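J.: My questions are about this predicted structure, shown below with the sequence.
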Amino acid sequence: MVMGKRSTIIISSSDDEKKDPLWNSSRSNSKSKSKSSVRGTNPRGSKKARLSDSRSRLCNDSSNVNEITLFCEDFDDGFSGFKVSTGSGKSSRKDLWVDKYKPRSLEELAVHKKKVEEVKVWFEERLKATREEFCNHVLVITGQAGVGKSATIQVIASHLKARVCEWNTPTPTIWQEHMHNSNAGIRYTSKLDEFESFVERIRKYGLVQSSFTGELKSSVILLIDDLPVTNGKVAYGRLYNCLHLLVRSTRIPTAILITDYGKSDSADHPARSFEELQLSLENAGACKVAFNPITTNSIKKTLSRICRQEQCNVTAEQIDLIAKASGGDIRHAITSLQYFCLKPDPMRSLSLSNPTTSYSKEKSDELNPLDDGFSLPFGRDETLSLFHALGKFLHNKRETEYSIASDQDAFLVRERFTRLPLKMDAPEKVLCQAHGQARPIADFLHENVLDFLNEEAIDDAWAVASYLSDADFLLATLRGMIARNHEADSVVQSAAASVAVRGVLFGNSHPLPSRWHSIRRPNLWHVEQSSSHNKFELLRQRFCAYNGLSSFNASVIATEYTPVLKWLGYREPEDLEPHQVMMRGNETENDNFDGMSLDDQEGKISEDEIEDW
Amino acid sequence: MLWVDKHRPKTLDQIIVHEEVAQNLKKLVTEQDCPHLLFYGPTGSGKKTLIMALLRQMFGPGAEKVKVENKTWKVDAGSRTIDLDLTTLSSTHHVELNPSDAGFQDRYIVQEIIKEMAKNRPIDTKGKKGYKVLVLNEVDKLSREAQHSLRRTMEKYSASCRLILCCNSSSKVTEAIRSRCLNVRIHAPTEEQIVKVLEFIGNKEGVQLPSGLAARIAEKSNRSLRRAILSFETCRVQQYPFTSNQAIPPMDWEEYVSEIASDIMKEQSPKRLFQVRGKLYELLINCIPPEIILKRLLFELLKKLDAELKHEVCHWAAYYEHRMRLGQKSIFHMEAFVAKFMSIYKAFLIATFG
């Protein structure tokens, strides 16, 4: 929806720098600057002015456009779309605020000053210096979605009066389209291929400057905003090589933007590969700047500026709320604000949102406080990674004293059962956000919880262990009815998860002061695996050795035969060795632990490590 | 070959310990009318030996020519098919299997696989025995559903198939099954009987066995004949000629459990609990069944415990043993027991010594 809207709207707003497919001339930038100053006084008027302005500029540009297409066919798509729609430049009033209030100057950027400065200096150095001075010409910018990565580049470019040449992933080919095309004899090229050839060209020839008639002098910044999505090792390897070459050999200051998905979904494969990619780029000599989520304050500032300019009647509280709900995503915040201002009667929603505001003030948590009870029209539903959620449960952070609300509690609880209120949402909600399934959650909690208990508190350990045992029992009751009743299944699942989590939270009545802990992968999984493997081996050997004439029972073999065999020094087939872990003597024990801890380390590395929050 | 296997009686006539039972079985089989049989008794009492000998009696030496098969069965369960891995041991006349290996899917084994086997009546040219024998081990570990299916199977295919069931405790086998079988209780051999067997083996092996040592081995064996013979052999390897007061080497896992027990007694803290968990894992990796670990652990703990705590500790051990059977992952429950014990014991220590 948003995408569709956007494409029509780009046309009307002249100064949409991001979608201007190839470059922003310094000329257009100066224009937009002057425009923005006009708009400051009279927004309505300026909009009209801008519209006409944009058309004229488009006409000017289109002559250049044709030339550009000669050497940058990749952008064809974007341009043809652009041109077609210029004819129907209609929806001037339906501007998306996100585009309308794009930052035009360094001051308007909501990104942290230092980061902006860092990026600016980097570009300045690269642009001013003679080519040979720096060996690296690539800047990698990382950050969550909507923290202003592209905007920063655009603004800095305009500030430095440089053109931005941008790679945008071309429109994907649909299967039907492909079928149609292949009949017509057009070969399919994957987007990765296109990207590769684009990078190749950039590397070899640079951007061919001479064909620009107007501004020969202006410098160029190459912006790679959208890395092609790779699937599988081979494709990833190609992307990697191609970027590597780019980093090594490009002479144009290049910015590669990588969006961090890491926080929301750690299991997401592409996100991980992007992380790797980013690391390897850095190793290859690229400079890296990480953008943090935008602070609530600067979002608030931006939002109130927009409000002033749009003359909407939004209270500071509401802005505060929107800013907090956005989770550092300024694009989202602005969209929410626009949506919020669309409401026919903003006063009514104010009264609605009041209770939540006070609620959100109470809680200093960064979690989205909004979708609790009230469904306000904005706010991202945040997701948590499993590890984040586990960390919350295990660290068990609580308020230091009772809030007023809990004093008025209807039922009194005995002192040993009372706990301070949690510094988080209801555990079930956190579970829901983490998409936690009962079994793995229980296993993870079981593996890790002992690290988080007070050294003296064995009673706590028992309480926790007994609740986990309850949870396991609940999970096991599924056994009979898996095939039959899915509803009951899910109820029992969530009940078990709830028991496990709440048991851990409640049982740990003397939480340790938080310190750094890594969360281990459950050893239990490994144990189960090797146990069943060993069992199978035992039986097999038994059969082989005695041709099935003796006992058939694994437990008997394990408890009685193997110890004796070990005593007797029977070392029949060699493959007995690795599975029979001797349990006597310290050195063998250590051996065994080594075997396990190796695996452990692997787990630690492969899994996230959590610092405390 | 181990002595246990080497000196295992092959025919019903050779059986020393349960001579009467053996003779009765022999009569039963020679009269050609064999009902379903349910053997129950503690481990190491000779159930399996009896069954093997019985099969030999029924089918002759052909019953001893067995092969091991590990086969994947495709069971059609309503909307989907389930793949089940099952190891079977079979001769031309009988099939032996362990349905409880399939865990919670055991009822499919009982319903489908056993049915499948029972349906195929063996073609016997001589027209002698018109039935096949299915030996099912660990029937007491079957789920309730599986036992119900088993009941139906027994009725339906009794013409072509005889079931020999084998379990430790008949109390976990449903009434319905028990009433359809001839129940044969195999009691644990007495210590005198064990001594007799040990002397018999000693003679055969040409080993001088002092009666004192034999008695001690019998005593240590907890009335399990298998255990006794196994430790007899280890003693032989450890030290020969025997002295009547020589040490009988314990099982390594038992020692390990007692190590765990003393760990628990020494310190009661979450950290120690974590270490104990690691050791329990190690036992589990070595396929020691969790029930046995828990039982042994309780045994070791009780040895060192003050009388007033024993009752409570036993209660919790029983509680978590029950939980363990109901639950899925035994370590959760074992650990809960250890934690509970630590908590009780620590409170006790504080109360007594301040």
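T.: Structure received. Fair warning: this is a prediction, and the values are worked out from it, not measured in the lab.
J.: For B:R272, what is the enclosing helix or strand?
T.: B:R272 belongs to helix B:270-285 when elements are defined using DSSP states H and E.
J.: what does B:L297 give?
T.: helix B:290-303.
J.: tell me the domain ranges of the chain?
T.: Just so you know, I chose chain A. Following automatic domain parsing, one gets these domains for chain A: A:1-92, A:103-292, A:296-362, A:386-507, A:523-606.
J.: meant chain B, my bad for not saying
T.: Taken from automatic domain parsing, chain B resolves into B:3-185, B:191-238, B:252-353.
J.: got those domains as TSV, with mean neighbour count columns?
T.: Just so you know, the C-beta spots here come from the backbone N, C-alpha and C atoms, and that holds for glycine as well. What follows is those, written out as TSV (neighbours: other Cβ atoms under 10 Å in any protein chain shown):
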stretch	mean neighbour count
domain B:3-185	18
domain B:191-238	19
domain B:252-353	19
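J.: which helix of chain B spans the most residues?
T.: In chain B, assigned by DSSP state H, the helix with the most residues is helix B:330-353.
J.: can you tell me if that one touches chain A.
T.: Yes - for helix B:330-353, a contact with chain A is found by Cβ under 8 Å from any Cβ of the partner chain, at B:331-333, B:335-336, B:338-340, B:342-343, B:346.
J.: Against which helices or strands is that helix packed?
T.: helix A:438-448, helix A:458-476, helix B:252-266, helix B:270-285, helix B:290-303, helix B:307-326 (3 or more Cβ pairs under 8 Å, 6 or more residues apart in numbering or on different chains; DSSP states H and E).
J.: State the mean pLDDT of that helix.
T.: Averaging the model's pLDDT scores along helix B:330-353 yields 92.
J.: angle of that helix against helix B:290-303?
T.: 10 degrees (axes from the mean of the first three to the mean of the last three Cα atoms, to 10 degrees).
J.: so helix B:330-353 versus helix B:270-285, what angle?
T.: Going by the same axes, to 10 degrees, helix B:330-353 makes 140 degrees with helix B:270-285.
J.: By mean pLDDT, which helix or strand of chain B comes out lowest?
T.: Taking mean pLDDT, DSSP states H and E as the measure, the helix or strand of chain B with the lowest value is helix B:115-119, at a mean of 70.
J.: ranges for the strands of the stretch 1-150 of chain B?
T.: Using DSSP state E, counting those that start in this stretch, the strands of the stretch 1-150 of chain B run over B:37-40, B:67-77, B:80-90, B:94-97, B:132-137.
J.: Which one of those lies nearest to A:R201?
T.: Closest to A:R201 of these is strand B:80-90 (Cβ to Cβ; 53.2 Å).
J.: do the closest one and chain A meet at all?
T.: Yes - using Cβ under 8 Å from any Cβ, we find that strand B:80-90 touches chain A at B:87, B:89.
J.: what does the stretch 301-450 of chain A put close to chain B?
T.: A:442-443, A:446, A:450.
J.: Check what contacts stretch A:282-292 and list those residues.
T.: The contact list for stretch A:282-292 (Cβ atoms under 8 Å, 6 or more residues apart in numbering or on different chains) reads A:111-112, A:115, A:118-119, A:122, A:135-136, A:138-144, A:147-149, A:152, A:244, A:247-248, A:256, A:278, A:281, A:328.
J.: from the residues you listed, which ones fall inside strands?
T.: Mapping these onto strands (DSSP state E) picks out A:138-143, A:256.
J.: Identify, from these, the entry nearest to chain B.
T.: The shortest gap between chain B and any of the ones in strands among the contacts of stretch A:282-292 belongs to A:T142, at 37.5 Å (Cβ to the nearest Cβ).
J.: ok, what's across the strand from that closest one?
T.: According to DSSP bridges, the residues that bridge with A:T142 are A:I258, A:A290.
J.: That one and A:D260 touch, don't they?
T.: Yes - using Cβ atoms under 8 Å, A:T142 is in contact with A:D260, at 5.5 Å.
J.: Below-threshold pLDDT in the stretch 101-250 of chain B: ranges please.
T.: B:103-104, B:118-130 (pLDDT under 70).
J.: With that, I have no additional questions.
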